[in-house]
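> can you look at this prediction? I've put the sequence above it.
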Amino acid sequence: MRPIIGITSYVLRADWGVWTDLPTTLVPHDYTEAVRLAGGRAVLLPPDDLDADVLDRIDGLVLAGGPDLDPSLYGQDTGPHTVIHPERDAGELVLLRAALDRDLPVLGVCRGMQLLTVAAGGTLHQHLPDVLGHEKHRPAPGVYGSQQVVLEPHSRIAALMGDDLTINCFHHQGVADPGPLTVTGRAADGLPEVVEDPDRRFVLGVQWHPEVSRDRRLFGALVAAASKELTQACADR
């Protein structure tokens, strides 16, 4: 049995076939395909803040990319460049906090890394060009920025990435203060690109988009950790 990996998702108005402007639960196919190629079974988790009972049915969690987090979650007013979806924040925080309590394997991608940070008590930069003076992390609409990440030796991410350190970014916000999380990777400009929680079995956040390249290093590590979760769950039954 493949481990089941839940992927948080968007609710956006979309068009297809004869349908137009229809509220739709979706996520880029890159995420589901990255999970499948890594040996997992992907299921979509739409925003839902009533409970986290779905965690009883999944073995790992991907916090997908998407819109900005509500700055009120980390004690700031909303800036002019920040676009929020509070319903997604609410649902994902319920899931994430419960997942951390269970020590469920978690991979945070872009917004997902920021959510890990804020849930841990950290803070974000709301608009990186105002802080860094450049747009290399989001060079143009729909265009990923290509960079080299610098990793901390002997970290989990360094062991996973090996010698290929090229990353593809698309974000205008970033981690300012990681709180109790450990920053194990940075861009050349010093911006955190990786956070880890060494006190948990598998909690990893990356600011880039490994799903676009179907990166089996990261998704494979998540699925491997989820496989151990599944094995333990079966043993407990």
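Done, it's in. Keep in mind that what you see is a predicted model, and the values were worked out from it rather than measured.

> in stretch 79-89, what's buried?
82, 85, 88, 89 (16 or more other Cβ atoms under 10 Å). Glycine gets a C-beta too; all of them are placed from N, C-alpha and C.

> what's the first-to-last distance across it?
17 Å (Cα to Cα, to the nearest Å).

> and it, how far out from the chain's middle?
Chain-centre distance of stretch 79-89: 16 Å, with Cα atoms, centre = their mean, to the nearest Å.

> tell me which helix or strand of the chain sits lowest on mean pLDDT?
Between all helices and strands in the chain, the lowest mean by mean pLDDT, DSSP states H and E belongs to helix 216-236, at a mean of 84.

> pLDDT of the helix or strand harbouring residue 31, averaged?
Using DSSP states H and E, residue 31 falls within helix 29-37. Mean pLDDT, computed over helix 29-37, is 98.

> what is that helix packed up against?
If you count contacts as 3 or more Cβ pairs under 8 Å, 6 or more residues apart in numbering; DSSP states H and E, helix 29-37 packs onto strand 4-8, strand 41-45, helix 216-236.

> I'd like to know which of the ones you listed is closest to residue 111.
strand 4-8 (9.0 Å; Cβ to Cβ).

> partners of the closest one, with directions?
Sheet pairing here is set by DSSP bridges, and for strand 4-8 it gives strand 41-45 (parallel), strand 60-63 (parallel).

> tabulate these in a markdown table, adding columns for mean neighbour count, distance to residue 1 and mean pLDDT.
Output for the strands paired with strand 4-8, formatted as a markdown table (neighbours: other Cβ atoms under 10 Å; distance: least, Cβ to Cβ, whole Å; pLDDT from 0 to 100):
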| stretch | mean neighbour count | distance to residue 1 | mean pLDDT |
| --- | --- | --- | --- |
| strand 41-45 | 18 | 8 | 98 |
| strand 60-63 | 28 | 13 | 98 |
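
> using a markdown table, lay out these together with distance to residue 211.
Below are those laid out as a markdown table (distance: least, Cβ to Cβ, whole Å):
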| stretch | distance to residue 211 |
| --- | --- |
| strand 41-45 | 11 |
| strand 60-63 | 8 |
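
> against residue 53, how distant is residue 153?
Distance of residue 153 to residue 53, given as Cβ to Cβ, to the nearest Å: 40 Å.

> now residue 89
Taking Cβ to Cβ as the measure, residue 89 and residue 53 are separated by 19 Å.

> strands along the protein, start to end?
4-8, 10-16, 19-26, 41-45, 60-63, 106-109, 123-125, 145-148, 150-151, 166-169, 174-177, 182-186, 192-196, 203-206 (DSSP state E).

> who does the last one touch, helix- and strand-wise?
By that I understand strand 203-206. Counting contacts by 3+ Cβ pairs under 8 Å, 6+ apart, strand 203-206 packs against strand 106-109, helix 111-119, helix 156-161, strand 192-196, helix 216-236.
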